[in-house]
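**Q** Quick one, fold the following:
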Amino acid sequence: MCGIIRSTDKPCIAFKVLAAGRAINSKNQIREEFTFTLKNIKPTDVLLVGMYQKFNDQLGENAAMIAELCQE
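**A** Presented below is the predicted three-dimensional model:
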């Protein structure tokens, strides 16, 4: 899918990059998935991530992680 996203001139929305959390076992794995996605989409594309705030601050954690990865 990343190849298709990169092949178009228009901005795209990359979603379901964490597979609804079913395949995620650690924060390190989340970092790996975010890193892969950010490296394989265009700078003008959007990353859409679903979150579940019941047990922790996923919004804050994901935002901090994305901000950090975008600085690298």
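
**Q** hey, let's count contacts and neighbours off CA atoms from now on
**A** Fine.

**Q** can you list contacts of stretch 24-34?
**A** If you take C-alpha atoms under 8 Å, 6 or more residues apart in numbering as the criterion, stretch 24-34 is touched by 17-18, 65-66.

**Q** Likewise for stretch 55-72?
**A** Identification of contacts with stretch 55-72 by C-alpha under 8 Å, 6+ apart yields 31, 34-35, 51-53.

**Q** can you do 10 Å?
**A** The set of residues that contact stretch 55-72 without belonging to it, under C-alpha atoms under 10 Å, 6 or more residues apart in numbering, is 27, 30-31, 34-35, 38-39, 47, 49-53.

**Q** Among those, name the ones in strands.
**A** The strands in this structure, assigned by DSSP state E, contain L47 from those.

**Q** Could you identify the most distant pair in the contacts of stretch 55-72?
**A** Pairwise distances among the contacts of stretch 55-72 were taken by C-alpha to C-alpha; the largest, 26.6 Å, belongs to K39 and Q53.

**Q** out of those two, which sits in the busier spot?
**A** Between K39 and Q53, counted using other C-alpha atoms under 10 Å, the more crowded position is K39 (13 against 10).
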